[in-house]
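> Kindly generate the corresponding structure for this input.
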Amino acid sequence: AGVGQAAGLAAGEADARLRELVGESLGPAFGRELVESELTGVAFKSWIADPLTHVGSADKDASDPRRMYGHYHLKQPTGWGVHFAGTETEAEAGHMEGAVIAGERAAQEVLEALDQEGATAR
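Okay, here's the model as predicted:
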């Protein structure tokens, strides 16, 4: 069942409600009239309901490459200045929380690297 169907809405009603919610969310920033005139469509993906993306860590067997998500080495900056960030680098892999944590970590790494470069150049 789709999200709207789970809420007891028919498919058309769910699409209309989603469009309304998008308008309510974007309207204050861009103007409701502009959003309504330019919005060509809306879509919703429930990743938690997708069996290929939402697999709990207890479900990961030895053959599943996701078992290494959040591994220590994925979080290490390279010696040539590349910093990796993405949900796969965190224990919360596959979730928004993992992406946010990774972005914050990588940004801090870059700031620290720039500070070290600046100190070395002085």
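> Tell me the predicted confidence for Thr40.
According to the prediction, Thr40 has pLDDT 91.
> Could you look up the SS state of it?
coil (DSSP: H, G, I helix; E, B strand; the rest coil).
> Please report the distance of it from Pro28.
According to C-beta to C-beta, to the nearest Å, Thr40 and Pro28 sit 20 Å apart. In short, each C-beta sits where N, CA and C put it, glycine included.
> More neighbours: which of those two?
Pro28 (9 against 5; other C-beta atoms under 10 Å).
> what about the more buried one, which helix or strand?
Using DSSP states H and E, the element containing Pro28 is helix 11-30.
> what comes up buried for that helix?
14-15, 18, 22-23, 26 (16 or more other C-beta atoms under 10 Å).
> Same question for stretch 34-51.
Val35.
> Residue ranges in the chain under the pLDDT threshold?
The model of the chain has pLDDT under 70 over residues 1-12, 47-70, 93-94, 121-122.
> can we see that at 90?
Applying pLDDT under 90 to the chain flags the ranges 1-19, 41-99, 113, 116-122.
> re the thing from before, give me the helices and strands touching the helix holding Pro28, please.
helix 3-6, helix 32-38 (3 or more C-beta pairs under 8 Å, 6 or more residues apart in numbering; DSSP states H and E).
> at 6 Å what do you get?
On a contact count with 3 or more C-beta pairs under 6 Å, 6 or more residues apart in numbering; DSSP states H and E, helix 11-30 meets helix 32-38.
> and the next element down the chain from the helix it packs on?
Under the assignment DSSP H and E, the closest C-terminal helix or strand after helix 32-38 is helix 96-121.
> Quick check: buried residues in that following helix?
By neighbour count on 16+ other C-beta under 10 Å, the buried set for helix 96-121 is 98-99, 101-102, 105-106, 109.
> Can you add distance to Glu117 and give those back as a markdown table?
Shown next, in a markdown table, are these (distance: C-beta to C-beta, whole Å):
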| residue | distance to Glu117 |
| --- | --- |
| Gly98 | 28 |
| Ala99 | 27 |
| Ile101 | 25 |
| Ala102 | 22 |
| Arg105 | 19 |
| Ala106 | 16 |
| Glu109 | 13 |
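> from those, which single one is nearest Leu34?
Comparing the buried residues of helix 96-121 against Leu34 with C-beta to C-beta places Ala99 closest, at 29.0 Å.
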